[in-house]
Structure formats: structure tokens, C-alpha cells
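Asker: Okay, here's the prediction I keep looking at, along with the sequence it came from:
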Amino acid sequence: MATSTDLILCERDDRKLNDHTMYICNPKTMKGITLPRPPRCYKKSFKGFASVPYSTKQFIEYSVVVVNCGDGHGYVENEFGFEAQVFSSRIGKWKEVVLILPKPFKAFFHSCRSLFHDGILYFYDNKNGMIAFSPIISKEKEKADDETLSIACRSIDWPLDCIVDDQSFVTVDLCQERLRLTQKKGMSVNIWDLKDNDTSKWEVKDKINLGGLTSHDSSIRYISDFRTPWILLGFNPFDDAVLYACMNQDRIVSCDLKTRQLKSVFVMPDESKSLLLSSGMKFFEDVRPFWLIF
């Protein structure tokens, strides 16, 4: 569902047993911890994950945010705020919160995704921009056991020249400490970097025609029409000139923005193709942390 500081937030989705247990997993040790069940079970929700490691101790503080999407039919829109629950590792329990919005935010629970950076959790939707807030509950508010907390959010709009519709797809990545927006529409890919959070100021970084990409790799055939499926996965977190994508539903490729060259990175096994088609795929940063909490 989400990652933060090299940990993965997962959820068991067993509708027959009504089991929606959430886990935080460490892919390096192949171990995990189970989160307690939230006090309220939403029919549909979107989720965010934020974790902050400490360099002096083998310890990490984390928060999990679950946002209520009502009955889950299509888009959920709220003019004033979203009902949510936040689990804080510091207090070891869930707190009910209301995310206060500066303006209406419309999101589809299937496509709303999250990203945590520099103490701020971002939720973004394909069409409707982002909301941003701090998911860390302060020590003063921890003591209010029965009080519903209010958390103020900021709105960040997409660039004016990012025209979104049912034929376009956007993703947001953390690339060299910058938030990067990538939009695919047809065979065009447009890229912006967020320059100013407060004013929603974006800077155009590149525009790519997928049909014009070439490759010296004999395993990649030349792509020149709309019939070849492309799924954007994300940028290399350490090289902002390398974009990863899934091509032809079975091959992970890297695109060098400087040379416009494609390279084959990984061929997906047959059992993974149906998963990609049914639920989508996301590229996550993998780092070597200085801590191991489990």
C-alpha cells in the first residue's frame, strides 16, 4: 500500500473472513510487525505511511493514516475535511482525527496514493492534485484520549499545463530530495519538479515522445504506436535522468532522458503479469538503512 524509509505497509484483504490486518514489513530481513486493528473499520479507505529513523538508536517512529472513503462508490469528495484514523508508534494506539481541508479535495480510493517526505505526508489523486499534512501526533495531543484531533492540510495543485483526463496518468516520486510529477498521456510523457510547496509552483523538466525512443538492446523492439502498453513506475531516486517503466506488460525498462535510450532491466515471470494488469505496479526507493527495527 505504501513505503517509507525502506519499510513497506501491507494489508491482508480477506473479504470472506473480514480480515484487513495491516503489517509493517522489512524486505531486507523478511520480518514484520502486526498493527492493532483500528477502532473503526471503514468500508473503503486510502492509506498513508510515514516513518522517521533515529541515527543514535536502533529505533524508528512511524505513523499509519487511514482515511475514510465512505461507501467507496467512485469518487469521494469532501468540502471541509476527511474523517481518518492515525496509528502512532510513540503511543502504541490509534487516534481518531479530522483532516481539515483549505478547499474541496476529490479523490478516487483506488487511485489515491501517498508519499512521505521531510515530515510531510502527501496524498495525491490522478486528477485533483495533492493534500499535505504532518501525520506525527504531538506529545501534547497524545494525552487527549477521547478527543478527536484536527489536522490542518495544505492543497497543492497540479501545474496549469498538466491537463488531466481519463486518458492520462500521473505519478509523484521523491527524486534527489525533490517531489517530481510525471504525466503520461498517449505517447507523451511530461515531467515537472515542485519548486515551492506553499505556492504550488512547478518547473518543467522534460517532455518525452515514447515513439521516438530507441535502444541498442536487441531484446527491446522499437516502439512507435499507441498499441504498446506503457506503465510508468518512477525515477531512479539517485539519478534524476533515469525513468523506469513497464513495457509490453512483461518487461521493466530504464529510459535515459539524456540519450533517449532504453535498456532492459528485468523480464517479469508469467505469474506476475496478471498481478500487474489487475492492480498496477509501483517503483519504490530501496536504500541501505543504518537501523534494523526487526
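Answerer: Great, that's in hand.

Asker: what's near enough to touch the nearest residue to R12 once chain neighbours are set aside?
Answerer: Spatial nearest neighbour of R12, excluding adjacent residues (Cβ to Cβ, 6 or more residues apart in numbering): T21 at 4.7 Å. (Glycine included, C-beta is placed from N, CA and C.) Neighbour list for T21: E11, R12, T34, L35, R37 [criterion: Cβ atoms under 8 Å, 6 or more residues apart in numbering].

Asker: wait, doesn't G212 sit right on R260?
Answerer: Yes: counting by Cβ atoms under 8 Å, R260 is a contact partner of G212 at 6.6 Å.

Asker: So the two - more neighbours on which side?
Answerer: The neighbour count for G212 versus R260, taken as other Cβ atoms under 10 Å, is higher for R260 (14 against 10).

Asker: Enumerate every residue touching the closest residue to the more buried one other than its chain neighbours.
Answerer: Excluding the flanking residues, the one nearest R260 by Cβ to Cβ, 6+ apart is L213, at 5.4 Å. Applying Cβ under 8 Å, 6+ apart, we find L213 in contact with I223, C255, R260, Q261, L262.

Asker: Now the second one. Nearest residue, chain neighbours left out?
Answerer: This points to C255. Of all residues not flanking C255 in the chain, L243 sits nearest, at 4.6 Å (Cβ to Cβ, 6+ apart).

Asker: and the one you found, how far is that from G129?
Answerer: 22 Å (Cβ to Cβ, to the nearest Å).

Asker: which of the two has more neighbours?
Answerer: Between L243 and G129, counting by other Cβ under 10 Å, L243 is the more crowded of the two (26 against 22).

Asker: what is the more buried one paired to in the beta sheet?
Answerer: F235, C255 (DSSP bridges).

Asker: I'd like to know how far it sits from T3.
Answerer: 19 Å.

Asker: Over to P269?
Answerer: 22 Å.

Asker: of those two, who's got more company?
Answerer: Between P269 and T3, counted using other Cβ under 10 Å, T3 has the larger neighbour count: 20 against 8.

Asker: For the closest residue in space to G48 that isn't next to it in sequence, give the beta-bridge partners.
Answerer: With sequence-adjacent residues excluded and distances taken as Cβ to Cβ, 6+ apart, G48 is closest to S114, at 3.5 Å. Beta-bridge pairing for S114 (DSSP bridges): F123.
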